[in-house]
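1. Next comes the sequence, and after it the predicted model I'd like to discuss.
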Amino acid sequence: MNDRSKHASCTNALAVAIALSAHLFFGTGCAALAQIDGATTTNLDDQRLDAPRTPPRVPTTQGADLPLLDGAAPEPADACVVSVTPTQSDLDPTDSRETPWKRAPGKKIVVQFENNGATERYWNLLKEGVRIWSERPCFQIEAVTTCAPGANCIQLKQARESSDADTDGEFSGDDNGPFRTGGHITVFTKLMDVATDNGALATIVHEMGHALGLVHRLNKNDVMNDYTSDSTNPKPDQVNFDNLLVIYGTVR
């Protein structure tokens, strides 16, 4: 309603075995292995490694190399990165800005959502919203019974009707200077109780987007547009996740 490595390796064992008699073969062997190994790619959505002839290696904190187990992919130190300094896209210029959470370099922002009096229906929908927004790397989002002391905490509440009688959900943030420290989402049951689960989920995902720092989008089909309905796709599009990277990503 209204509201991503290229690798090619020749081991020392190969060099010892053939160095005395087949230098030419050694050179050819490296090139062949390099071509066989090929390249592997990583992106922010998920990480896969092609099956290499030699296990990929990851540097330890002591500087030594240890092989990874077959099929294992190294976790990046910080996946919430951008290669250039971009700007957010498709923003509604009439919407007020949202305050960002404070993010330590290389760390995810942990935000907890707790239930403060909402019915089981809306709590379950919020937990689905947690799953949806957790698909990208900048945040660790959790639905908890009670927020931990000092946590970045958002409460889910409900009320019968908004002051304008035409709003099905709203977010209110608690800010401390330039950073967000908490807040609450309120669902208004007069409208939400008659909405489909899809429509109610879209509303909750929308308000969670505000809680994470997103503002309204111009795209009328997107869940972060200021108007959602029963037919709105509750899954945020790529632009929303890109905008979160703009807000929180480490520039490299």
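-> Ah, there it is. Keep in mind the model is a prediction, meaning the values are calculated, not measured.
2. Just the strands from the stretch 101-250 of the chain, written as ranges.
-> Ranges of strands in the stretch 101-250 of the chain, per DSSP state E, counting those that start in this stretch, are 109-115, 139-144, 152-159, 169-176, 179-188, 250-251.
3. other SSEs contacting the second one?
-> Taking 3 or more Cβ pairs under 8 Å, 6 or more residues apart in numbering; DSSP states H and E as the contact definition, the neighbouring helices and strands of strand 139-144 are strand 109-115, helix 120-133. Just so you know, the C-beta spots here come from the backbone N, C-alpha and C atoms, and that holds for glycine as well.
4. Check the last one too.
-> Based on contacts counted as 3+ Cβ pairs under 8 Å, 6+ apart, the elements that strand 250-251 packs against are strand 81-82.
5. quick check: mean pLDDT across the strand it packs on?
-> The average pLDDT for strand 81-82 rounds to 88.
6. end to end, how far does stretch 146-159 reach?
-> Stretch 146-159 has an end-to-end distance of 20 Å (Cα to Cα, to the nearest Å).
7. Bridging across strands, which residues link to E142?
-> For E142, the beta-bridge partners under DSSP bridges are Q112.
8. burial measure for it, as a count.
-> Counted with other Cβ atoms under 10 Å, residues neighbouring E142 total 17.
9. Confirm for me that it is in contact with I109.
-> No: with contact defined as Cβ atoms under 8 Å, E142 does not count as touching I109 (11.4 Å).
10. sorry, back to before: which one, of the strands of the stretch 101-250 of the chain, ends up nearest to K102?
-> strand 179-188 (4.2 Å; Cβ to Cβ).
11. And that closest one, what does it pack against?
-> So strand 179-188, by 3+ Cβ pairs under 8 Å, 6+ apart, packs with strand 152-159, strand 169-176, helix 197-212.
12. which other helices and strands contact the first one?
-> So that's strand 152-159. strand 109-115, helix 120-133, strand 179-188, helix 189-192.
13. 7 Å instead, please
-> For strand 152-159, the packing partners by 3 or more Cβ pairs under 7 Å, 6 or more residues apart in numbering; DSSP states H and E come out as strand 109-115, helix 120-133, strand 179-188.
14. Check the longest one too.
-> Counting contacts by 3+ Cβ pairs under 7 Å, 6+ apart, the secondary-structure elements packed against helix 197-212 are helix 120-133, strand 169-176, strand 179-188.
15. buried residues in the first one?
-> What it means is helix 120-133. 122-123, 125-127, 129-130, 132-133 (16 or more other Cβ atoms under 10 Å).
16. And for T167, the neighbour number?
-> By other Cβ under 10 Å, neighbour count at T167 equals 18.
17. And it, how far from E161?
-> Separation of T167 from E161 (Cβ to Cβ, to the nearest Å): 9 Å.
18. shared neighbours, these two?
-> The contact sets of T167 and E161 overlap at F188 (Cβ atoms under 7 Å, 6 or more residues apart in numbering).
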